[in-house]
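> Got a sequence here, can you build the structure:
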Amino acid sequence: MLNFQFYQKTKVLCGQGTINQLGELADHIGGKKALIVADPGMMATGVVDTIAAALKAGGKEYVIFDENEPNPPIAACNKGYEICVAEKCDFIIGVGGGSNMDCAKGINILRFNPGPLIQYANFAKPFEVGSGLIMVPTTSGTGSEVSDGSILSDENHIKQNFIANGAYADYCILDYDLLVGMPPKLTAATGLDALAHACESMIGTLTTPYMELVGQQVIRDIIEFLPRAVADGKDIEAREKMAVASNVAGFQLVYGHTCAGHSIAQTLGGYFNIPHGAACGYTLPWIMEFNAPGAPRLVKMCGEAMGLKFADDATPEQIGTQVREFLVDFVDNKCKMPALKDSYAYDEAKFEEVADVCSKEFFQTFNPRKMEPADCLDIIKKMYA
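Numbering: from 1, shown residues only. So this is what the prediction gives:
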């Protein structure tokens, strides 16, 4: 099997005001009527109105599906697809964060493949490559606009992975002006998701020299500019740097994927309804520490990109501790994230069940160190301490 390691399918329009090129882009792909995938929160921001205006200016029709929700359920994809068919839409625009973009991907998979959607989860069955999918991210974190995956929740709130060439978007409009209204907490959470993508893709078993090269710069930029974006949402340089860092970290997902950090974050998110980015941010310090004995050179490389200096004779455990301490401070103090236990309702009686599910989750496949249920449980307890 040929394992190409440097290819990006999604074409990106990047810069302030690029949303105004949406009509021209629709012409380019031959689109006549769009299904805009959003949620109630995104509708309230006014961004969907901006997208609708750009479509109108380009002479395009549209219909809005605004019933998606965080940790998007497969059921939302099914409903969106029904509207897409009924309204005779011929292209899809996913607008918002990862939840809406992943929902748009799920809808687009159904446009070109027979249902039910769940049959394509976790590589169980291949699905055909679709087309006509445009992403407009309004957060800087998920990287879903350029990744080859969609994470959707089943009826039991277990997150399922849909990863293949058929999950790519064709185009992305990365307009920094759409990011300035993002509130501080969402800015922090989504930015930490991008940091997790960069770190986990670097330390996992699928890492390559390309991942190491781009990942280090992504980490540097996030460490420098995420606190600035949290402190001042109108800092356009910080927004630009975070938008590009998140976008490139999304590209890393295609080749390096993630590892046990996302196994824990996705499972916790499914059980306790924690937004994905926040869950990744809370998990990352402990995953880096756990994996240091399995990938000391790479964890150290990530730490150095964060600005840390290590003793020449530092052990893997010492490297892991130093990186974990830095990241806990970065999450709590630089990014102003509130304590996990005070932020989302949880049931400690379910921790052992969650840990068992975490240990078997798909992305554990790429972890550099074997993680048993007891290891997962230990990390979860530390996160909630």
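> C-alpha from now on. contacts and neighbour counts both.
OK.
> so where's the stretch 251-385 of the chain uncertain?
Under the criterion pLDDT under 70, no range of the stretch 251-385 of the chain is flagged.
> which residues of it fall in strands?
Ranges of strands in the stretch 251-385 of the chain, per DSSP state E, counting those that start in this stretch: none exist.
> Please apply the same query to the stretch 101-250 of the chain.
133-137, 149-153, 159-163, 171-174.
> Gly294 and Gln318, how far apart?
13 Å (CA to CA, to the nearest Å).
> thinking again about what came up before, could you take the strands of the stretch 101-250 of the chain and lay them out as CSV, with extra columns for distance to Gly46?
Listed next are the strands of the stretch 101-250 of the chain as CSV, based on distance: least, CA to CA, whole Å:
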stretch, distance to Gly46
strand 133-137, 14
strand 149-153, 25
strand 159-163, 29
strand 171-174, 17
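> ok, now which ones touch the nearest residue to Lys32 once chain neighbours are set aside?
Among residues not flanking Lys32 along the chain, Lys60 sits closest, at 5.5 Å (CA to CA, 6 or more residues apart in numbering). Counting by CA atoms under 8 Å, 6 or more residues apart in numbering, Lys60 touches 23, 26, 31-34.
> Compare the residues you listed and tell me which has the most neighbours.
Within those, neighbour counts (other CA atoms under 10 Å) peak at Ala34, which reaches 25 neighbours.
> Okay, and it sits in which element?
According to DSSP states H and E, Ala34 maps onto strand 33-37.
> ok, then the element right after that strand?
helix 40-45.
> quick one: that following helix to chain centroid distance?
Computed by CA atoms, centre = their mean, to the nearest Å, the chain-centroid distance of helix 40-45 equals 19 Å.
> do stretch 227-235 as well
Distance of stretch 227-235 from the chain centroid (CA atoms, centre = their mean) equals 20 Å.
> Buried residues of that stretch, list them for me.
Neighbour-count burial for stretch 227-235 flags 227-231, 233-234 (criterion: 16 or more other CA atoms under 10 Å).
> try stretch 87-107
Residues of stretch 87-107 classed as buried under the neighbour-count rule (16+ other CA under 10 Å) are 89-107.
> Next, find the distance separating the spatially most central residue of the chain from Gly97.
By CA atoms, centre = their mean, the mean C-alpha position of the chain lies nearest to Thr142, the distance being 2.3 Å. Distance from Thr142 to Gly97, counting by CA to CA: 7 Å.
> Phe366 too?
Phe366 sits 25 Å away from Gly97, going by CA to CA.
> Check Gln266 too.
For Gln266, the distance to Gly97 - CA to CA - is 16 Å.
> residues making contact with stretch 262-273?
Stretch 262-273 has contacts (CA under 8 Å, 6+ apart) with 71, 153, 157-159, 274-276, 279-280, 283, 344-347, 354-355, 357-359, 361-364, 376.
> repeat that for 6 Å
By CA atoms under 6 Å, 6 or more residues apart in numbering, the residues outside stretch 262-273 that reach it are 157-158, 279-280, 346, 358, 361, 363.
> Take these and keep only those in helices.
Those of these mapping onto helices are 279-280, 358, per DSSP state H.
> Surely Thr205 touches Phe363?
No. At 10.6 Å, Thr205 does not count as touching Phe363 under the criterion of CA atoms under 6 Å.
> ok now stretch 174-190, how far from the chain's centre?
How far stretch 174-190 lies from its chain's middle: 14 Å, per CA atoms, centre = their mean.
> now that stretch: mean pLDDT?
With pLDDT averaged residue by residue, stretch 174-190 scores 94.
> Okay, buried residues for it please.
174-180, 182, 184, 186-190.
> can I see the domain layout of this structure?
Each domain of the chain is listed here as a residue range: 11-178, 184-383, per automatic domain parsing.
> wait, which of those domains is closest to Phe4?
Smallest distance to Phe4 across the domains of the chain (CA to CA): 8.9 Å, for domain 184-383.
> measure the closest one end to end?
Start-to-end, domain 184-383 (CA to CA) is 22 Å.
> and if you look at stretch 222-238?
For stretch 222-238, the first-to-last residue distance is 9 Å (CA to CA).
> so what pLDDT did Met1 get?
If you check Met1, the pLDDT there is 63.
> Helices of the stretch 251-385 of the chain, start to end?
Remark: helices assigned in the stretch 251-385 of the chain by DSSP state H, counting those that start in this stretch are 260-272, 276-291, 296-305, 316-329, 351-360, 373-383.
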